[in-house]
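*Asks:* need coordinates for the below:
(chains A and B)
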Amino acid sequence: MEHAVIAGYCRSPFDFAHKGALARVRPDTLAAKVIRGLVRNSGINPTQIEDLLCGCAFPEGEQGLNMARMLVFLSRLPDCIPGATINRWCGSSMQTVHMASGSIAMGAGEAFICAGVESMSRIPMMGYNPLPNPKLYKENARIYMSMGETAEVVAEHYNISRDAQEAFAVSSQQKALHAQQEGLLSDEIIPLEELQQDGCIRGETSAEGLAGLNPAFVSDGSVTAGTSSPLTDGAAAVLVCAESYARRHNLPILARIKTVAVAGCAPEVMGMGPVAASRKALQRAGLNSSDLDIIELNEAFASQALACSRELELDPDKINLHGGAIALGHPLGASGARIVGKAASLLQQTGGQYALATQCIGGGQGIATLLEAI
Amino acid sequence: MNSIKQVAVIGAGAMGAGIAAVIANAGVPVLLLDRVSDTETERSCIAKAAVSRLLKASPEALTHKRNSRFISPLNIDDHLHLIADCDWIIEAVSENLSLKQTLYTQIDAVRKPGSIVSSNTSTLPLHYLVQGLPDSFAADFCITHFFNPPRYMRLLETVAGEMRPEAMQQLEHFADLKLGKTVIHCKDSPGFIANRLGIFWIYCALVEAIDMGLSIEEADALLSKPCGVPKTGVFGLMDLVGIDLMPAIVGAMCQALPEHDPFVQLQRHLPLIDNMISQGYTGRKGKGGFYRLDRRQNPPVKEVICLNDGEYSPARRPKVPGADTRVHKLSNLLTRDDKYGQYTWRVMAQTLSYAASLAGEVAEDITAIDAAMRLGYNWKYGPFELMDILGTGWLAEHLQTDGFSLPAMLATTARRPLYTLQDYQGNTDKLHFMDVYGRYQPLIRPEGVLLLSDIKRQRQPLLKNASAAVWDIDDGILCFEFTSKMNSLDPDIMSLLHQSIARVKRGYKALVIYNEGENFSVGANLGLAMFTANIAAWQDIEAMVAAGQQTFKALKYAPFPVVSAPSGLALGGGCEVLLHSDAIQAHTETYTGLVEVGVGLVPAWGGCKEMLARWQQKPDYPQGPMPAAAKVFELISTAAVAKSAEQARNNLILRPDDNITMNRDRLLADAKASALKLAEDYQPPQPATYALPGSSGKLAFEMAVNGFVRNGKATRHDQTVSLHVADIMAGGDTDPSEPLTEDDLLQLERQHFMQIIRHPDTLARIEHMLLTGKPLRN
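*Replies:* From the prediction side, this is the model:
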């Protein structure tokens, strides 16, 4: 079986939706700039790209019309490359990596662009026409529970205190600020005219400051805007190739995709999705969580990130070394590509052996990608 | 005519910045310049800070936040040369003569020839300001005195001096049509008109209260409603304006006025005021003034200072036994033989006597003084109008009997009224005023100003009942006027609207809905609704709802145009009147929205249906069954009120073809012109159809509302009422593939109104609103 490798990663700077510098940028324009950067930086021959996959959680409006195919044209790639827009909500662009690796394993292509984008400024969360099924709601209202409320359920059920959430958020901000100041993010970021570096990071965040915030979702709850990922605009992309192809063309190989997995869980604790998905991926690789050197655990909310870390017995010192979504932002469709690319880069930089990238997904799902050093 | 294309304001204090906002609200670019900051690296940070204060001001200084883009915050050192591109340069720096004159020299060096320069001084006479400056400067220079806050005060006092008449005309035209100000010509005398008399009145009320031992609450109760003055009275007004300004203004006035002027005679040292200022009690901007709030207590307690010992104690509701507070009964109050009557009489006697002595000195005629007090101090009646209410003969007699000076003007009136109706150039009953020589002169309104109050003096209404009247305003146009209390809508109004429709059909071209109340309409008569609900006459309530729906529908589809011309509040049913009109000619100060949920109700006179149609038809808006419904749901369930006509355009209450009038006095004429234009080839509108989401969309709204309840932003009853709104917006149990008609939506509105009005929490909200004027959050 042919192995898939990550042979390139880049992203746009991320910024707050509505008030940030990307609020007036079309998401397809934004993603195209990132894809152009990826192709240029990796040195791949564009005509050999099998498919352009793009994850997006709300593929309508400016993100509609099978945006992935439009991205081929907007990125000035040859007409021979097709495009498919993929939706698994927050797991959308990690899903594109899984699909590309599957295709490579069965010999259905050697090089794939796996991108993701979300403009949460321009396309409302829930979309323009949210029309939930009343019959299903009557049977099980939890299915449609808002993400913030699921974070509260997790906090309560797994006994994650508000203090612990805030300490986690402060740490995420500090790691992100440090990475930004040390230039550790500059390799992955494609600077834009509108914005050259991440706009969401609030390095001055303190536990005292966070303690003053009101609960954002439930009036007597513990989850605040400070311990949640912000609404964000951004795009990210990784280049997924067959290992033999990458070697043949001297592409920079960051890591090998060892195993992948997705899993469902109860929708009211959707934040725990990474647990089952990561266990599956580890089991398929014959590994334990203690074998992991690098972990990218998407921080939708501090409560779920902490609960997952505890359930999976992860080493906190190995999680999100350059900060997570609470600090960097969480453009839904783009986050999966970002954390896979980040985990692969860190694996290469640190000389570790195994890395895990995993995310929770609304509706009660998890997705995980296990990487291995070359 | 409009040759003022760019303006500069120099001085970014409260007045300068506020004036810049007024100009920006007119859509005209304005440079706002102030000093270079001594401490900050950003050299224009003083002007920049002023713009950010404008964006946060309450009440709002800008009619729309985006108007701030018209204001360029700059500094004098680096950018004064940019005023070379400005047609009008307004100086609004502090009241320091040499500072102003130095600035004028700098301005004169860079301004373009013929550009207008004006000062916003409130105390310095023009002939001082231009001393030593070239004649060419004086020919372009005048005083333009705005009132605070500049957006809301309609008065603009001008002193022309040596200014070229054509330049003055150009400036007035701009101030009137673009800025919406009423320009009053003043003579070059200290304090001009409004402050000359207003400060006298305030000072007189203060010293008389001290001398006669009245409490502040008593003085304010007497010198407000009974005299047609805003409820802030005198002491509340001083708190608002700033007590610390008093010494400087009083000093400047005394210096400028001759010794025998009654104000100079009245003036004396007031230790209380000095103590208050030195302790920081400068008014609302400081830690309090004559009134202060003790915030240590919950809820905060309003306290009031004692004029004798300067100690604060909780404010009491003043009891003035048996007082009739209507202005037309003022003479009863003034002749009461107790301290209340004596106090009010002493203050009003001196104030009116002073006013009469100023006619001719501060302005050409009494109409300017009356207008200045109405617009600059928000008095309901100017001093000469008050004299007519009291009777000039009555006033002259009482002044003499009680030893007050009798001004020459009152002596020459010989008991005749100061305003009267006479025939003029073939028009019967034209309003005339008495000039300073005792002769009646016709009151000529500027072109483009049409006042219903003038028409009402001249003729009888065509139709009339207890709550409304219909007037023929010529050229085939009828004007429908609400006359009910606060212009609330009731069955009488609905019935007269039906009669008006029939009447217009029989021989007129169009109908304009307009009135000259403070507010266009506060909505349905809640008292009537409450009464009917209390006796459980539900069928009567449903009949009222249905009648309103049918009336507004008849208005919309009448074979002639209907133009509504709101100013002030147009809430709930008042907003629904606008929504059913063919065109809206809105005064810029129009505050409108569907606020029914505030009293636990849903809009049911077609408001939901009309707003849905507007948003569904908005070009470039996302398509599908939800976006329009979701937007209207948001507006109605949060009782959103647009805080200006411009904001109402954003909410689509005003449509792209609807127009905004800046000057209140021009509103009726503009509405009439719009009606005449529409009447040329009028076709009634086509009914809208609605593709709405049905139960799935309702669920999406429900989920959103539940989220707001859980995070504490909505109350239980907010949730209940919102779900009724949600069902209307969703089109009930419809399917997106089945278009609904306007009647389907009216039925949904009516059905939900009838369900929710029986809810005890809704009745509690209505009762609370009727008792307190404030919404209940239950």
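
*Asks:* where does pLDDT dip in chain A?
*Replies:* By pLDDT under 70, chain A has no low-scoring segment.

*Asks:* domains of chain B?
*Replies:* B:7-185, B:194-412, B:453-595+B:642-674, B:599-640+B:689-778 (automatic domain parsing).

*Asks:* export those domains to a markdown table and append columns for distance to chain A, mean pLDDT and mean neighbour count.
*Replies:* All C-beta atoms are positioned from the backbone trio N, CA, C, and that covers glycine. Formatted as a markdown table, the domains of chain B follow (distance: least, CB to the nearest CB, whole Å; pLDDT from 0 to 100; neighbours: other CB atoms under 10 Å in any protein chain shown):
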| stretch | distance to chain A | mean pLDDT | mean neighbour count |
| --- | --- | --- | --- |
| domain B:7-185 | 14 | 96 | 19 |
| domain B:194-412 | 19 | 92 | 18 |
| domain B:453-595+B:642-674 | 17 | 97 | 20 |
| domain B:599-640+B:689-778 | 3 | 96 | 20 |
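
*Asks:* give the contact list for B:His398.
*Replies:* The contact partners of B:His398, taken as CB atoms under 8 Å, 6 or more residues apart in numbering or on different chains, are B:Leu334, B:Thr335, B:Trp345, B:Ala349.

*Asks:* inside helices: which ones of those?
*Replies:* Counting by DSSP state H, the contacts of B:His398 place B:Leu334, B:Trp345, B:Ala349 in helices.

*Asks:* in this structure the first one contacts B:Trp345, no?
*Replies:* Yes. At 4.3 Å, B:Leu334 and B:Trp345 qualify as touching, with contact defined as CB atoms under 8 Å.

*Asks:* who's in contact with the residue in chain A that chain B sits nearest to?
*Replies:* Among the residues of chain A, A:Ser219 lies closest to chain B, at 3.2 Å counting by CB to the nearest CB. Taking CB under 8 Å, 6+ apart, we find A:Ser219 in contact with B:Arg710, B:Asn711, B:Gly712.

*Asks:* tell me the secondary structure at it.
*Replies:* Per DSSP: H, G, I helix; E, B strand; the rest coil, the local secondary structure of A:Ser219 is coil.

*Asks:* so where do the helices sit in the stretch 251-374 of chain A?
*Replies:* A:273-285, A:302-311, A:325-328, A:335-350 (DSSP state H, counting those that start in this stretch).

*Asks:* please identify the most buried of those helices.
*Replies:* Here the criterion is mean neighbour count by mean count of other CB atoms under 10 Å in any protein chain shown, and of these the winner is helix A:325-328, at a mean of 30.

*Asks:* now for that helix, which elements pack on it?
*Replies:* If you count contacts as 3 or more CB pairs under 8 Å, 6 or more residues apart in numbering or on different chains; DSSP states H and E, helix A:325-328 packs onto helix A:162-181.

*Asks:* and A:Tyr9, how many residues sit next to it?
*Replies:* 26 (other CB atoms under 10 Å in any protein chain shown).

*Asks:* which residue comes closest to it once chain neighbours are left out?
*Replies:* A:Gly341 (2.8 Å; CB to CB, 6 or more residues apart in numbering or on different chains).

*Asks:* tell me which parts of the stretch 201-350 of chain A are close to chain B?
*Replies:* A:Asn214, A:Pro215, A:Ala216, A:Phe217, A:Val218, A:Ser219 (CB under 8 Å from any CB of the partner chain).

*Asks:* now, of these, which are buried?
*Replies:* A:Pro215, A:Ala216, A:Phe217, A:Val218 (16 or more other CB atoms under 10 Å in any protein chain shown).

*Asks:* for these, work out which two are farthest apart.
*Replies:* A:Ala216 and A:Val218 (8.4 Å; CB to CB).

*Asks:* give me the common contacts of those two.
*Replies:* Contact criterion CB under 8 Å, 6+ apart; residues shared by A:Ala216 and A:Val218: A:Gly148, B:Asn711.

*Asks:* what about the strands in the stretch 151-300 of chain A?
*Replies:* A:232-242, A:255-264, A:294-297 (DSSP state E, counting those that start in this stretch).

*Asks:* same check on the stretch 401-550 of chain B?
*Replies:* So, for the stretch 401-550 of chain B - with DSSP E, counting those that start in this stretch - the strands run B:419-424, B:427-434, B:440-442, B:463-464, B:468-472, B:477-482, B:510-513.

*Asks:* how far does the third one sit from its chain's centre?
*Replies:* Distance of strand B:440-442 from the chain centroid (CA atoms, centre = their mean, to the nearest Å) equals 29 Å.

*Asks:* now do it, average pLDDT.
*Replies:* Here strand B:440-442 scores 95 as its mean pLDDT.

*Asks:* pull out the buried residues from that strand.
*Replies:* So strand B:440-442, judged by 16+ other CB under 10 Å, has buried residues B:Tyr440.

*Asks:* and the contacts of it?
*Replies:* Taking CB under 8 Å, 6+ apart as the rule, strand B:440-442 contacts B:Asp365, B:Thr420, B:Gln422, B:Tyr424, B:Gln425, B:Lys430, B:Leu431, B:His432, B:Phe433, B:Met434, B:Asp435.

*Asks:* now the fourth one. Nearest residue, chain neighbours left out?
*Replies:* By the measure of CB to CB, 6+ apart, the closest residue to B:Tyr424 outside its immediate chain neighbours is B:Lys430, 3.8 Å from it.

*Asks:* now the strands for the stretch 251-400 of chain B?
*Replies:* Going by DSSP E, counting those that start in this stretch, the stretch 251-400 of chain B shows strands at B:291-294, B:301-305, B:312-314.

*Asks:* do the stretch 1-150 of chain A as well
*Replies:* Under DSSP E, counting those that start in this stretch, the stretch 1-150 of chain A gives strands at A:4-11, A:15-16, A:51-55, A:83-86, A:111-119.
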